[in-house]
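> sequence first, then the predicted structure:
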Amino acid sequence: EGEMSSHFVRAPWFLIETRDTKKDRILKRQFVENPHARKEKKRGLLVGNWLLSLKPDEIVIPQKHHGTAVVLLEEAGVDILPVGQDTGLEG
């Protein structure tokens with residue numbers, strides 16, 4: 001557990017949850033290290049593509065912004081939710 005990073009693509013870890021939305025239950029929680037957190041160039045592109053490879057339905061971020069990673073995810077149909085917006089997560 002801990003606080004959510006205020007820098008989405010620089011976050012050292014991401015929490016991946018598998019949820020049963022019909023029963024509103026968390027089936028699995030796993031922390032995954034961000035392999036691109038310390039890259040100096042094209043970090044948003046790298047993180048966005050990496051997250052897409054995990055096939056998320058939605059991603060919770062500290063605040064809505066339109067960086068490269070967020071645009072890639074939105075274009076792929078991933079729902080981008082700011083913290084607190086029907087997510088059960090708080091910053």
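In hand now; what should we look at? Numbers count the residues shown, from 1 in each chain.
> which parts of the protein are strands?
Along the chain, counting by DSSP state E, strands occupy 13-20, 25-33, 58-61, 79-82.
> sheet partners, orientation included, of the last one?
Pointing back at strand 79-82 there. Strand 79-82 sits in its sheet next to strand 58-61 (parallel), going by DSSP bridges.
> can I get the strand it pairs with as CSV, trimmed to CA atoms?
Presented in CSV, the C-alpha positions along strand 58-61 are these (Å, rounded to 0.1, in the frame of the first residue of the first chain):
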residue,chain,number,x,y,z
GLU,A,58,-9.5,1.2,-17.0
ILE,A,59,-6.7,3.1,-15.4
VAL,A,60,-6.9,5.3,-12.4
ILE,A,61,-4.5,8.3,-12.4
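> winner for burial among the strands of the chain?
Of all the strands of the chain, strand 58-61 has the most neighbours on average by mean count of other C-beta atoms under 10 Å, namely a mean of 19. C-beta here means a position set from N, CA and C on the backbone, and glycine is covered the same way.
> tell me the mean pLDDT over it?
Strand 58-61 carries an average pLDDT of 91.
> distance from the chain centre to it, please.
4 Å (C-alpha atoms, centre = their mean, to the nearest Å).
> ok, stretch 37-45 next?
How far stretch 37-45 lies from its chain's middle: 15 Å, per C-alpha atoms, centre = their mean.
> can you give me the buried ones in that stretch?
Within stretch 37-45, the residues that count as buried by 16 or more other C-beta atoms under 10 Å are 37, 43-45.
> follow-up on the earlier one: in a markdown table: the strands of the chain, plus distance to residue 49.
Formatted as a markdown table, the strands of the chain follow (distance: least, C-beta to C-beta, whole Å):
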| stretch | distance to residue 49 |
| --- | --- |
| strand 13-20 | 14 |
| strand 25-33 | 15 |
| strand 58-61 | 13 |
| strand 79-82 | 16 |
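> nearest to residue 6, of those strands?
Smallest distance to residue 6 across the strands of the chain (C-beta to C-beta): 9.7 Å, for strand 58-61.
> what residues are bridge-paired with the spatially most central residue of the chain?
With distances taken as C-alpha atoms, centre = their mean, residue 59 lies nearest the centre of the chain, 4.1 Å away. Legend: beta-bridge partners of residue 59 under DSSP bridges are residue 80.
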